[in-house]
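Participant: Give me the fold of what follows.
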Amino acid sequence: MLTGVIVVCAFLLVLILWVIGVYNGLVTLRNLYKNAFAQIDVQLKRRYDLIPNLVETVKGYIKHERETLEAVINARNTAYNASNQAAADPGNPQAIQTLGRAEGELTGVLSRLMAVAEAYPDLKANQNMLALQEELTSTENKVSFSRQAYNDAVTRYNTSRETFPSNIIAGMFNFGEAALFITENQSERNAPKVSF
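Facilitator: Model (predicted):
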């Protein structure tokens with residue numbers, strides 16, 4: 001009788017330790033993807049800070065392209081707001097999807113701005129414009145690398161929470177699905193052309 005109680009207690013102890021291990025693993029993976037999103041957020045903020053400088057530099061040269069400049073500013077503000085909402089809760093799939101759409105739109109209008117700017121030789125030779133182009137290209141690369149790291153972390157988390165038997169623990173403790181940061185604008189999938 002005592003042996004049976006010891007076996008049952010040992011089994012329960014192993015089961016409890018296993019649940020704790022799976023739970024801690026899921027928490028670790030969730031924190032990793034949140035950290036990875038924070039890295040994206042840093043680069044996006046840098047990008048958003050560069051855009052007003054770019055618009056100001058371009059504004060003096062292409063005064064009659066007001067519609068394009070306003071589209072860039074509006075898209076930047078929309079993306080900035082979406083980024084803040086996603087940063088507040090990187091586990092919210094809808095916020096990540098909204099950010100992906102806003103970033104796609106911003107990249108599209110930035111590409112249009114760069115295409116318009118190519119028609120102005122004085123602007124292409126402007127030192128501020130060249131410096132901003134270099135910074136923007138560098139930031140775009142960093143955003144891309146950060147997005148890849150985030151998507152890798154989300155995939156690891158989602159795989160862990162969906163595989164048996166950890167899916168049982170994930171369901172018991174409400175570990176929700178995380179969304180990949182996927183852009184919905186096809187032009188965003190290509191690196192924006194910012195060279196003159």
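Participant: next one: the biggest helix by length in the chain to chain centre, how far?
Facilitator: Longest helix in the chain, counting residues (DSSP state H): helix 2-59. Helix 2-59 sits 15 Å away from the centroid of its parent chain (C-alpha atoms, centre = their mean, to the nearest Å).
Participant: just checking, what packs against it?
Facilitator: Contacts defined by 3 or more C-beta pairs under 8 Å, 6 or more residues apart in numbering; DSSP states H and E place helix 2-59 against helix 66-88, helix 93-117, helix 127-162, helix 166-172. (Glycine included, C-beta is placed from N, CA and C.)
Participant: Only the buried residues of the last one, if you could.
Facilitator: Neighbour-count burial for helix 166-172 flags 166, 169-170 (criterion: 16 or more other C-beta atoms under 10 Å).
Participant: likewise the third one?
Facilitator: Of the residues in helix 127-162, those with enough neighbours to count as buried (16+ other C-beta under 10 Å) are 129, 132-133, 135-136, 139-140, 142-143, 146-147, 149-151, 153-154, 157-158, 160-161.
Participant: just to revisit the earlier point, got TSV for the helices and strands packed on helix 2-59, with distance to residue 24 too?
Facilitator: As requested, the helices and strands packed on helix 2-59 are arranged in TSV below (distance: least, C-beta to C-beta, whole Å):
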stretch	distance to residue 24
helix 66-88	25
helix 93-117	23
helix 127-162	11
helix 166-172	10
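Participant: Let's have these in CSV, adding mean pLDDT and distance to residue 6.
Facilitator: Shown next, in CSV, are these (pLDDT from 0 to 100; distance: least, C-beta to C-beta, whole Å):
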stretch, mean pLDDT, distance to residue 6
helix 66-88, 93, 50
helix 93-117, 91, 46
helix 127-162, 92, 33
helix 166-172, 95, 26
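Participant: Quick one, which of the ones you listed gets closest to residue 11.
Facilitator: Residue 11 lies closest to helix 166-172 among the helices and strands packed on helix 2-59, at 16.6 Å (C-beta to C-beta).
Participant: starting at the chain centroid, how far to that closest one?
Facilitator: Worked out by C-alpha atoms, centre = their mean, helix 166-172 lies 26 Å from the chain centre.
Participant: ok, residues contacting it?
Facilitator: Helix 166-172 is contacted by residues 19, 22-23, 25-26, 160-162, 175 when judged by C-beta atoms under 8 Å, 6 or more residues apart in numbering.
Participant: Tabulate those residues in TSV, adding columns for distance to residue 113.
Facilitator: Compiled in TSV, the contacts of helix 166-172 are given as follows (distance: C-beta to C-beta, whole Å):
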residue	distance to residue 113
19	54
22	49
23	48
25	45
26	43
160	42
161	41
162	42
175	42
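Participant: among those, which two are most distant?
Facilitator: Largest pairwise distance in those, by C-beta to C-beta, is 17.3 Å, between 19 and 162.
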